[in-house]
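Undergrad: have a look at this prediction, sequence included:
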Amino acid sequence: MADKSLKLAKPAPTPAADRGAGQETVYRILLAISFVHLFNDSIQAVIPAIFPILKENLLLTFTQIGWISFAINFTSSIIQPVIGYAADRKPRPILLPLGMCCTLAGVGILAYAGSYILVLFAVILIGLGSATFHPEGMRVAHMAAGMRKGLSQSIFQVGGNAGQSLAPLLTRFIFVPLGQSGAFYFTFIAAAGVAVQSYVARWYRSMLDAGYTFTKRAKGRLLDPARRRSIRHATLVLVLLVFVRSWYGAAISSYYAFYLMDAYRIGLDDAQIYIFLFLAAGAVGTFFGGPLADRFGRRNLIMLSMVGTAPIALLLPYVSLFWAGVLLTIGGFILLSSFSVTVVYAQMLHPGNIGTVSGLITGFAFGMGGVGALALGNLGDAWGIGNVMIAASFLPLLGLFSFLLPKDRVIEQWSKE
C-alpha cells in the first residue's frame, strides 16, 4: 500500500520531463515529418514557380504578383502563431492530416483557376494548410528529437527548404511545358502528405497518451524584470534577423528570375536554374547548420550566417552570369545555414513554448517574406526590377544586429537560475 501511495504522490510533470530528456531520437518519425515538410513546402513552391505563367495567362502586374505572394504568406503568418499558442496549451494531432487536406483543396483549385480572385482564394487555402502544419510539426520534431535538438531541427527544416528549392525546377520542367494546369499533379503529393500525416498523428497521440509533456521554465524564473527585458530584447533582435533573411530570400526567389531575363537576356527556363542553385544550396546549408551550431554555438552560427551573406549580396548585381551562379550558391548556403538554428535559439529563450516559437519565427518568416514580396513588387513596377535587386542587396547589412544576441552560455545560465 505504501508503494502504491508513493507512486500516486509523484508530480505529473516529472515522468514526462524525464522521458523527454532521456528518450532516444526517433528517426523514423523525424524522417516522416521531414518528408511531409518537403511535401508541404514543395506545394508552396508551386506559387512562386507559377508566377511567370500566371503573369502571362492573366496579364498580371508585378504588384498583383506581390499580392498573391502576400496572400499565402500573410495568411500563414496570422494563423500560425494562433495555432502554435493553442497547441502549447492543448496539442491536437488531428490538425496534421487536416491541414494537408486544406492544402490539397487549394492546389486543386489553383490548377484550374481562371481569374485573379480565384487564384488568391486557392493560395489562401494553401497558406492555411501550411499554418496548421508547422506548429504541430515543430512539436513532433521536438518530441522525437530526444537529446539531439539541433540535429532534429535540421532534419525537419531541411525537408521544407528542399521543397522550396524545387520551385525553379517546377517552372522549367512542369509549368513551362504544361502551363497552369500542371499544378494538378501536386494533388497527388498532397494526398501522400495526408497519409503520412495520419501515421505521424497516431504516434503523436500515443506519446501524449503515455504522458509526454514539454518541459517549461518554472514560473518563478521569469519574475525578474531585468531578465524579462533581456529575453524580450533578444527575441526582438531574432525577429529582425528573420525579417532580413525573409525579405532578401523573397527578392531572390520571387524576382531574381525576372532580373536575369532583363539584364542577361536569357530565357525563363535558364533563369530558373540560378534560382534553384540558391535554394538548393540553402537546403544543404539548413541541414549542416544544426550540427555546426551544436559544435560552434548557435549565436556564432547565426552571426556568421547573417554577416557573411552581406558582401555576397552586395556583389551579386554587378557580376557576370557565371559568377552570379557561384555567388548564389555560396550565398544560399550561408544565409539559410541559420534557418533551423534560429528556431532552436528561440526555443532556448522560451523553453516549452514550441508551438508559439514556431508561430513567431517560422510563421513570421513566411509573413515577412510575403510583405517583402509585395513591397518589392510595387517597387519593381515603379523603379524597374534592376534597381529593386540593387536596393535589396543592402538588406543583409542589417545582420550586424546579430552581435546584440546573448551568448549561448548566458541563455543556458538563465534557464538554471
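TA: Looks like it arrived, so ask away. All values reported here derive from a predicted model rather than from experimental measurement. Residues are numbered from 1 along each chain as shown.

Undergrad: quick one: the closest residue in space to residue 279 that isn't next to it in sequence from residue 38, how far?
TA: Leaving aside its chain neighbours, residue 279 sits nearest to residue 165 (3.4 Å; criterion: Cβ to Cβ, 6 or more residues apart in numbering). Yep, even glycine has a C-beta here, placed from its N, CA and C like the rest. Going from residue 165 to residue 38 by Cβ to Cβ, to the nearest Å gives 10 Å.

Undergrad: more neighbours, the two?
TA: A direct count of neighbours by other Cβ atoms under 10 Å for residue 165 and residue 38 places residue 165 higher, at 28 against 23.

Undergrad: what's near enough to touch that one?
TA: Residue 165 makes contacts with 45, 276, 279-280, 282-283, as judged by Cβ atoms under 8 Å, 6 or more residues apart in numbering.

Undergrad: scan the residues you listed and report the most crowded one.
TA: Counting neighbours by other Cβ under 10 Å, residue 282 comes out on top of those with 29 neighbours.

Undergrad: mind checking which helix or strand it is in?
TA: Element membership of residue 282, judged by DSSP states H and E, is helix 268-296.

Undergrad: what are the C-alpha coordinates of stretch 282-302, in PDB please?
TA: What follows is stretch 282-302, C-alpha atoms only, in PDB (Å, rounded to 0.1, in the frame of the first residue of the first chain):
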ATOM      1  CA  GLY A 282      20.100  26.800 -48.900                       C
ATOM      2  CA  ALA A 283      18.600  23.400 -48.200                       C
ATOM      3  CA  VAL A 284      22.100  21.900 -47.800                       C
ATOM      4  CA  GLY A 285      23.000  24.800 -45.500                       C
ATOM      5  CA  THR A 286      19.900  24.200 -43.400                       C
ATOM      6  CA  PHE A 287      20.900  20.600 -42.900                       C
ATOM      7  CA  PHE A 288      24.500  21.300 -41.900                       C
ATOM      8  CA  GLY A 289      23.600  24.400 -39.800                       C
ATOM      9  CA  GLY A 290      22.200  22.400 -36.900                       C
ATOM     10  CA  PRO A 291      25.300  20.200 -36.400                       C
ATOM     11  CA  LEU A 292      27.600  23.100 -36.900                       C
ATOM     12  CA  ALA A 293      25.700  25.100 -34.300                       C
ATOM     13  CA  ASP A 294      26.000  22.200 -31.900                       C
ATOM     14  CA  ARG A 295      29.700  22.300 -32.400                       C
ATOM     15  CA  PHE A 296      30.500  26.100 -32.600                       C
ATOM     16  CA  GLY A 297      27.500  27.700 -30.800                       C
ATOM     17  CA  ARG A 298      24.100  28.800 -32.100                       C
ATOM     18  CA  ARG A 299      24.700  32.500 -31.700                       C
ATOM     19  CA  ASN A 300      28.000  32.200 -33.500                       C
ATOM     20  CA  LEU A 301      26.400  30.500 -36.400                       C
ATOM     21  CA  ILE A 302      23.600  33.000 -36.600                       C
END
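
Undergrad: what sits up against that stretch?
TA: For stretch 282-302, using Cβ under 8 Å, 6+ apart, the contacting residues are 150-155, 157-158, 161-162, 164-165, 241, 249, 305, 332-342, 344-345, 348, 402, 405-408.

Undergrad: tell me the buried residues in that stretch?
TA: 282-287, 289-290, 292-294, 297-302 (16 or more other Cβ atoms under 10 Å).

Undergrad: one more: stretch 236-251?
TA: So for stretch 236-251, counting by 16+ other Cβ under 10 Å, buried means 237-251.

Undergrad: and these, which of them are in strands?
TA: Members of these lying in strands (criterion: DSSP state E): none.

Undergrad: lowest pLDDT pick from these?
TA: Among these, residue 250 has the lowest pLDDT, at 81.

Undergrad: that residue and residue 377 touch, don't they?
TA: No. Counting by Cβ atoms under 8 Å, residue 250 stays clear of residue 377, with 9.5 Å between them.

Undergrad: find residues that contact each of the two.
TA: Common neighbours of residue 250 and residue 377 (criterion: Cβ under 8 Å, 6+ apart): residue 69.

Undergrad: picking that back up, out of the contacts of residue 165, who's nearest residue 309?
TA: In terms of Cβ to Cβ, no member of these lies closer to residue 309 than residue 282, at 10.7 Å.

Undergrad: distance check, the closest one against residue 331.
TA: From residue 282 to residue 331 the distance is 9 Å (Cβ to Cβ).

Undergrad: list the buried ones in stretch 392-402?
TA: For stretch 392-402, burial by neighbour count (16+ other Cβ under 10 Å) applies to 392-393, 395-399, 401-402.

Undergrad: which residues touch it?
TA: With contacts defined as Cβ under 8 Å, 6+ apart, stretch 392-402 is touched by 237, 240-241, 244, 247-248, 251, 299, 302-303, 305-307, 309-310, 312-314, 316-317, 335, 376.

Undergrad: repeat that with 6 Å
TA: Under the criterion Cβ atoms under 6 Å, 6 or more residues apart in numbering, residues 237, 240-241, 244, 247-248, 251, 302-303, 306-307, 309-310, 313-314, 317 lie in contact with stretch 392-402.

Undergrad: can you tell me the distance between the two ends of it?
TA: End-to-end distance of stretch 392-402 (Cα to Cα, to the nearest Å): 19 Å.
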